[in-house]
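1. Using only what follows, build the 3D model:
(one chain, ligands or ions: 1)
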Amino acid sequence: MNVRVLLVLVSCALSVVTGLVVARGGVGTTTARQRPLIGLSMDTLKEERWQVDRDLFTAKVQAAGADVLVQSANSNDAVQLQNIESLITQKVDALVIIPHDGAAMAKAVNLAHQAGIPVLSYDRLITGCDLDLYLTFDNVKVGELQAKFLADRIPQGGKLRLIRIYGAKTDNNAKLFKQGQDNILNPLIAAGKVEVLFEDWAEDWKPENAKKITNAAITKIGPNFDAILASNDGTAGGAIQALTEEGLAGKIIVTGQDADLAACQRIAQGTQAMTVYKPIQTIANQAAELALKLARRQPVIARDAIANGKIDVPSVLLGIVSVTKDNLRDTVVKDGFRKESDVFQ
Ligand code: BGC
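-> This is a model prediction of the structure:
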């Protein structure tokens, strides 16, 4: 950690001990309640992974003797802000936010701080504010694993013709996934080993938007491509629907992320080539533990710091795994994340 980071952190009233960033919860009053109350504000519950996040997080907080209030905003910034205002009014001791729009939710963090409530940004970064803590996976690495998988499949002496489907522009993670993909692909593009024939951003990460992008790509370039670099399993699913309609499913390499059950099944069947497994149990459990520490105004240790446009946010980054047909059993099944009988039908 460099001196600038240290100074920024110190100026944000955070203390640093032997190279570790120690985030202290806000200075708000402790409530008269016996059990801490945590507010969880979610962008959406439409994708499978977020339902798992909610259930595991809630179970862990409750097992630790605290309570949770959950709100979901259905991908609407105004609704998410209202949800958070309501959680603040209900005097939660700490807020955990999965933002729909990372920039728009800076306002919510400011409101929480005015009420003395510390905020943990969960998986997606909230930008442009004095965020207390950020817990996520290594998102650049996710993009690198996706692109590396494709780089390993460039035909001998030839080139890989690619369609790229990015995530929601409002989600900072989508930009980090692209950054990781670019790290691997740009030199290959420059060397003529990869050619990007079509690319677009899938608004709100919706599978139907990914399907439209794939349809538009096929209309423009025909069936003459080798792979679709889809940034998550939802968008992979949309792309594969379009491929199925064209009789191309299973012939085109498709990437993903999240190890959604439907994606694991597609990998077992051969219509999707890979996904990235991000152990939701780990992020949900750690978020619960960290949120409880913030709620109890106990110090938190964060080894990383990620710039959010205003400060270097004390951050905890979790590991990820690339999953293909070859290691489905050794990863998601072995970990208990998926049942073998559900994946291999
Ligand atoms: C998450 C992904 C998820 C995507 C769409 C991203 O912020 O990191 O796991 O697939 O949002 O919900």
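
2. Show me the strands in the stretch 1-150 of the chain, by range?
-> Remark: strands assigned in the stretch 1-150 of the chain by DSSP state E, counting those that start in this stretch are 15-17, 20-23, 37-42, 67-72, 94-98, 119-122, 133-137.

3. Run through who's touching the fifth one.
-> The contact list for strand 94-98 (CB atoms under 8 Å, 6 or more residues apart in numbering) reads 25, 36, 38-43, 50, 53, 57, 84, 87-88, 105, 108-109, 112, 117-124, 126, 287, 291-292, 294-295. In short, each C-beta sits where N, CA and C put it, glycine included.

4. What's the ChimeraX syntax to select whichever of these are buried?
-> With 16 or more other CB atoms under 10 Å as the criterion, this ChimeraX line picks the buried residues out of the contacts of strand 94-98:
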select :25,36,38,39,40,41,42,43,50,53,57,84,87,88,105,108,109,112,117,118,119,120,121,122,123,124,126,287,291,292,294,295
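
5. The residue of the stretch 51-200 of the chain found nearest the ligand - how many residues pack around it?
-> Here the stretch 51-200 of the chain gets closest to the ligand at one residue, Asn173, 3.6 Å apart by CB to the nearest ligand atom. Neighbours of Asn173 under the rule other CB atoms under 10 Å: 23.

6. Only alpha carbons, please: show stretch 165-172 as PDB.
-> Presented in PDB, the C-alpha positions along stretch 165-172 are these (Å, rounded to 0.1, in the frame of the first residue of the first chain):
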ATOM      1  CA  ILE A 165     -21.700  -9.100 -24.900                       C
ATOM      2  CA  TYR A 166     -20.900  -6.900 -22.000                       C
ATOM      3  CA  GLY A 167     -23.100  -6.400 -18.900                       C
ATOM      4  CA  ALA A 168     -25.000  -3.300 -17.600                       C
ATOM      5  CA  LYS A 169     -23.200   0.000 -18.200                       C
ATOM      6  CA  THR A 170     -24.600   1.100 -14.800                       C
ATOM      7  CA  ASP A 171     -22.700  -1.700 -13.000                       C
ATOM      8  CA  ASN A 172     -19.100  -0.900 -12.200                       C
END
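
7. ok so, going back, can you tell me which of the contacts of strand 94-98 are also in contact with the ligand?
-> When contact is defined as CB under 6 Å from any ligand atom, the contacts of strand 94-98 meet the ligand at 123-124.

8. which parts of the stretch 201-345 of the chain sit against the ligand?
-> 205, 232, 257-258.

9. before we move on, back to that, just the contacts of strand 94-98: which are in helices?
-> The helices, defined by DSSP state H, take in 50, 53, 57, 84, 87-88, 108-109, 112, 287, 291-292, 294-295 from the contacts of strand 94-98.

10. Backbone dihedrals for the residue lying closest to Leu150 once chain neighbours are set aside, both of them.
-> Leaving out its chain neighbours, the residue that sits closest to Leu150 by CB to CB, 6 or more residues apart in numbering is Ala227, at 5.4 Å. Note on Ala227: its backbone torsions stand at phi -150, psi 150 [degrees, to the nearest 10].

11. if we can go back for a sec, would CSV of the strands of the stretch 1-150 of the chain with mean pLDDT be doable?
-> Listed next are the strands of the stretch 1-150 of the chain as CSV, based on pLDDT from 0 to 100:
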stretch, mean pLDDT
strand 15-17, 32
strand 20-23, 57
strand 37-42, 98
strand 67-72, 98
strand 94-98, 98
strand 119-122, 98
strand 133-137, 98
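
12. for the ones you listed, which one sits closest to Val196?
-> Nearest to Val196 among the strands of the stretch 1-150 of the chain is strand 133-137 (25.1 Å), distances taken as CB to CB.
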